[in-house]
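J.: Here is a sequence together with a model predicted from it:
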Amino acid sequence: MSTVVFIHGTGVREPGFSALAGRFAAELTALRGGLRIVPHYWGGTHGATLAAGGVSLPPAPGGATRGPFGAPEGISEATPDGNPDGTPDDTAAWAVLYADPDAELALAAASSKGPAERPPHAALPEQLLQDRLTALAATPGDGLLPGIGPAALRLAGHPLLPAAADALDPDDLALLAARAVVARALADALDADTPLVPDGDRRDAAVEHVAGQLGAAPSGAERGLRSRLLALAGSAASRAVVRRRRALTEAAHPAAGDVLRYLSRGAGFRADLRTLVAGLEPPVTLVGHSLGGIIALDTLIEAPLPQVALLVTAGSQGPFLYESGSLPSLAHPEPLPAHMPDWLNLYDPRDLLGYLGGGLFPARVTDIAVDNRQPFPAAHSAYWTNPATYRHIAEWLK
């Protein structure tokens with residue numbers, strides 16, 4: 001029986017790890033039977049914590065929990081040629097919506113010429129949508145996307161809804177509202193540091209489902225998103241979207257603190273993984289996400305583990321650390337040791353924390369791109385809801 005060890009990345013803690021590992025096991029075993037999945041949870045033992053309760057964190061200006069950032073120079077949030085399957089690339093527009101779920105609603109409201117003259121006692125154009133949003137909020141979720149109900153209820157009382165209703169026909173208004181609801185639900189999930197971020201296809205399915213509940217005609221949920229938001233997303237101003245300071249810039253946050261702790265005190269991380277693998281029946285595959293991939297790589301380089309036949313990394317910084325002279329186990333330009341197993345490295349071009357290994361270790365690493373159809377940082381967490389990730393892993397399993 002082939003054994004697969006799943007090693008999580010930075011910032012993951014319980015109960016999120018159990019949900020993530022469960023999803024990984026279900027998706028991979030559905031493609032390949034007879035596997036033994038062994039989750040390796042290092043976050044509880046070795047993960048960074050705020051020992052003094054966070055007194056080292058400076059207060060945000062004005063009490064705000066978010067701060068602006070600029071896209072790295074030379075990095076475009078949109079791909080002009082579209083997605084690999086030929087569909088338009090709306091990633092930049094979704095980046096704007098994650099930063100401000102009300103952005104498209106505000107654009108529509110700004111284009112309103114004021115309420116049209118109506119017969120006495122006529123229903124307000126936004127009333128039907130508000131009623132449907134309230135009904136959606138009261139409907140038990142069907143598992144399509146968490147947080148839809150609370151997001152719908154918040155939108156139902158939004159002060160810009162009447163002006164947007166005056167500017168749009170009912171079908172376009174329902175589609176806009178569906179995108180706003182899904183964007184708000186996903187933005188809330190990202191703020192909660194959930195390790196399971198849906199890929200773009202699941203996000204779009206959620207939009208179409210919600211749009212139908214709000215009265216929109218089937219299909220074409222992209223309509224209006226490109227015409228209004230993509231133009232905005234292409235401007236320099238829109239690229240200054242909002243990211244979570246805690247998740248990406250605070251060294252004391254688990255995501256960054258885990259990396260610093262590993263680089264300074266990584267021996268315990270590697271010793272625990274080595275002990276785990278030593279008790280497993282071969283062939284063993286190590287699958288590591290983000291820092292989990294670095295831990296697996298360093299452990300394999302450090303000394304032979306004959307049980308391990310394959311290393312899989314996803315969204316890994318291992319190649320970057322090696323090239324920059326920061327990988328604990330190997331200094332550039334030293335080659336990978338002969339005892340290293342095959343290495344499959346999965347990356348999303350939009351994931352700014354995923355790097356390539358093939359150019360550094362020719363014929364020793366196979367880099368394969370997967371498209372999570374999410375902007376960064378969501379792209380870094382969406383590998384485990386992307387079916388392509390599991391297909392590639394299943395094809396490489398020994």
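T.: Right, received. Where do you want to start?
J.: What distance do you get for Leu263 to Gly325?
T.: 12 Å (C-beta to C-beta, to the nearest Å). C-beta coordinates here come from the backbone N, C-alpha and C atoms, glycine included.
J.: same question, Arg274
T.: 24 Å.
J.: for Ile295, same thing?
T.: Applying C-beta to C-beta, the value for Ile295 to Gly325 is 18 Å.
J.: out of the two, which sits in the more crowded spot?
T.: Ile295 (26 against 9; other C-beta atoms under 10 Å).
J.: Let me see the contact set for that one.
T.: Ile295 makes contacts with 7, 42, 262, 266, 269-270, 273, 288, as judged by C-beta atoms under 8 Å, 6 or more residues apart in numbering.
J.: what does stretch 268-282 rub up against?
T.: 1, 3, 5, 7, 38, 40, 42, 45-46, 262, 284, 286, 295-296, 298-299, 302-303, 305-309.
J.: 6 Å instead, please
T.: 3, 42, 46, 262, 284, 295, 298-299, 305, 307 (C-beta atoms under 6 Å, 6 or more residues apart in numbering).
J.: Please identify which two of those are farthest apart in space.
T.: Based on C-beta to C-beta, the longest span within these runs between Thr3 and Tyr262 and measures 23.8 Å.
J.: Which one's more surrounded, these two?
T.: Tyr262 (23 against 20).
J.: So the more buried one: helix, strand or coil?
T.: For Tyr262, the assignment made with DSSP: H, G, I helix; E, B strand; the rest coil gives helix.
J.: Can you tell me the closest non-neighbouring residue to it?
T.: Phe269 (5.6 Å; C-beta to C-beta, 6 or more residues apart in numbering).
J.: so that neighbour, which of the three states?
T.: From three-state DSSP, the assignment for Phe269 is helix.
J.: the strands in this protein, which residues?
T.: For the chain, the strands defined by DSSP state E occupy 3-7, 36-40, 66-68, 242-244, 284-289, 308-314, 342-347, 365-369.
J.: pLDDT (mean, whole number) over the first one?
T.: Predicted confidence along strand 3-7 averages 98 (mean pLDDT).
J.: mind listing what it pairs with, with the direction of each?
T.: Strand 3-7 pairs in its sheet with strand 36-40 (parallel), strand 284-289 (parallel), by DSSP bridges.
J.: Need the contact partners of the last one.
T.: The one in question is strand 284-289. 3-7, 9, 277, 296, 307-308, 310-315, 397.
J.: Cheers, nothing more for now.
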